[in-house]
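Trainee: next come a sequence and a model predicted from it.
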Amino acid sequence: MTPGEIRTAVLDILEGIAQDDDLGQLDDSVAFREQLELDSMDFLDIVMELRKRYRVQIPEEDYPKLESMGSTVEYLTPLMADISA
Amino acid sequence: MTAPNGNDLATYRQSLLDGRSGVSDYEIRYVGKTYAGICDFDAKKHQSKKDVRRGTRAGSVGIYCANEAILNSGVDWENTDRSRIGVYIGVTEHGNVETENEVYELSQFNYDTKFWSHHHNPRTVANNPAGEIALNMKITGPHYTIGAACAAGNAGLIQGAQMLQLGECDLAITGGVSESIHTFGIFASFASQGALASQGEAEKASRPFDINRDGIVVAEGGCVFVLERLSDAKKRDAAILGELVGYAINTDATDFVLPNPERQAQCVSLALKKAGLAPEQIDIVSTHATGTDLGDAQECKALREVFAGTTTTHFNNTKSYIGHAMGAAGALELAGNLKAFQDGVCHPTINVDELDPECALPGLVINEPKEIGKTDYILNNSFGMLGINSVAVIKRFTG
């Protein structure tokens, strides 16, 4: 998957989790928590969905790397490079 | 409240007077085609989309009912001390739906528990529906569920009354909820027991007292009452739907599933004694009968014993319209009868094409509503597995 495809994949996951938020205005450089109503259980949902959909296993110590869309895509790019979109 | 044939008391009451069933065709994993009472309330009226997704169906049912109950109660919610509110919600079971869903999901991942949801525990703890209500409404007093099988609707109400009497709270959110149509296990277990309704068309499937009844129609739903001490309700000039004047809970201690009419009769008598009433003073008995062969006949046996010789007591059954709403059943069935205090009408038991002679109680109202005039007392039966019996007696508020 390309970084653009990974962003689309993460956005799709977020749409299922942050159902009350407008994701059209998401700023990739700003932390999710600062612009969306997300808490720790929601972050675990993101991790779980990445695991279920793409078999990507994210160790707990790497959770801070999922802070914003930008950092998430950057972190996932090498992990998901071999996955077909 | 939410029932399969109405999401507010007026609509629900009208459905009961019009003979409108809420039972539909239904299909559930593994079991296949069956019947169920399905609710269509707007969960998002009082919850965010995220909270609906994160929580349970029972939680959503409870939240909808509790918010609507508070709105209808006229309580000055903004100025009510939330630490003095107690939430006491009856449930037949909780956690089956969520566990079955999670195990099914896990089966898609070769049963690797890395894929087991972190939502499982908060969704399945036994206090979940009451806890979701408290969380949603920012209630900081006590909250818990009362697990009482199908006697739970009355049990929630009784628990609330007791906590008010003890001074543990000043306002009790009480009643019962059910999400049971979303667990295949309930249907499959009743089917294995030979107690799941399976004949005819959906609207005729739930037929307590009919000679051709063949079992239970499972329903979801919820009913929450705002309960206060009478002095508090009078102080705020509340529109009082009824006054809880007697109740009882007892136990058969004879069988896992089979009812014991002797103990049921004792429970009814205990509630009457607590209310200081003679049987003939009861205008309507809201029966528990679920449409099983034995259960209906045994309840009638118990009622015949207690109400022998009375000529002014009427009997009806609400499951014939909505199916068996499990933890919500007792509360919903009571709610369906409360309007009789105003309109003097006893809604009938529907779907009785041929009355079973064993269920032919004198005063049984079948198929057509009956004008019974001034109605002062309603007695509500609610019984459950492991031999739990509960009875509530409600009086028309007279000032």
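Mentor: That came in fine, so what should we check first?
Trainee: tally of neighbours for residue B:293?
Mentor: 15 (other Cβ atoms under 10 Å in any protein chain shown). All C-beta atoms are positioned from the backbone trio N, CA, C, and that covers glycine.
Trainee: got a list of what residue B:356 touches?
Mentor: By Cβ atoms under 8 Å, 6 or more residues apart in numbering or on different chains, the contact set of residue B:356 is B:209-211, B:213, B:296-297.
Trainee: what helix or strand is residue B:245 located in?
Mentor: strand B:243-251 (DSSP states H and E).
Trainee: now that strand: buried residues?
Mentor: For strand B:243-251, burial by neighbour count (16 or more other Cβ atoms under 10 Å in any protein chain shown) applies to B:243-250.
Trainee: strand partners (parallel or antiparallel) of that strand?
Mentor: strand B:388-395 (antiparallel) (DSSP bridges).
Trainee: could I get the partner strand in CSV with only the CA atoms?
Mentor: Below are the C-alpha coordinates for strand B:388-395, written out as CSV (Å, rounded to 0.1, in the frame of the first residue of the first chain):
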residue,chain,number,x,y,z
ILE,B,388,-38.4,-16.8,41.4
ASN,B,389,-41.9,-15.2,41.8
SER,B,390,-42.6,-11.5,42.0
VAL,B,391,-45.8,-9.6,42.5
ALA,B,392,-46.5,-5.9,42.6
VAL,B,393,-49.8,-4.2,43.6
ILE,B,394,-50.5,-0.7,42.3
LYS,B,395,-53.2,1.6,43.5
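Trainee: give the contact list for residue B:364.
Mentor: Residues near residue B:364 by Cβ under 8 Å, 6+ apart: B:209, B:314-316, B:349, B:355.
Trainee: need the residues of chain A near chain B, please.
Mentor: A:16-20, A:37, A:41-42, A:44-45, A:48, A:51-52, A:57 (Cβ under 8 Å from any Cβ of the partner chain).
Trainee: now, those residues that are in helices?
Mentor: Using DSSP state H, the subset of the residues of chain A next to chain B located in helices is A:16-17, A:41-42, A:44-45, A:48, A:51-52.
Trainee: are any of these buried, and if so which?
Mentor: A:17, A:42, A:45, A:48, A:51-52.
Trainee: the nearest residue to residue B:36 once chain neighbours are set aside and chain A, how far apart?
Mentor: Closest residue in space to residue B:36, ignoring its immediate chain neighbours: residue B:26 at 3.7 Å, by Cβ to Cβ, 6 or more residues apart in numbering or on different chains. Distance of residue B:26 to chain A, given as Cβ to the nearest Cβ, to the nearest Å: 26 Å.
Trainee: so what's residue B:26 bridging to?
Mentor: Beta-bridge pairing of residue B:26 under DSSP bridges involves residue B:34.
Trainee: kindly report the same for residue B:377.
Mentor: residue B:395.
Trainee: isn't it right up against residue B:286?
Mentor: No - the criterion here is Cβ atoms under 8 Å, and residue B:377 misses it with residue B:286 at 11.3 Å.
Trainee: so for the two, which sits in the more crowded spot?
Mentor: Shown here are residue B:377 and residue B:286; by other Cβ under 10 Å, residue B:286 has more neighbours (27 against 22).
Trainee: thinking that one is in contact with residue B:316, fair?
Mentor: Yes - using Cβ under 8 Å, residue B:286 is in contact with residue B:316, at 6.3 Å.
Trainee: residues contacting residue 47?
Mentor: You didn't pick a chain, so chain A it is. Residue A:47 is in contact with A:58, A:63, A:66, counting by Cβ under 8 Å, 6+ apart.
Trainee: hmm, I had chain B in mind actually
Mentor: Listed by Cβ under 8 Å, 6+ apart, the contact set of residue B:47 reads B:55, B:60, B:63-64, B:136.
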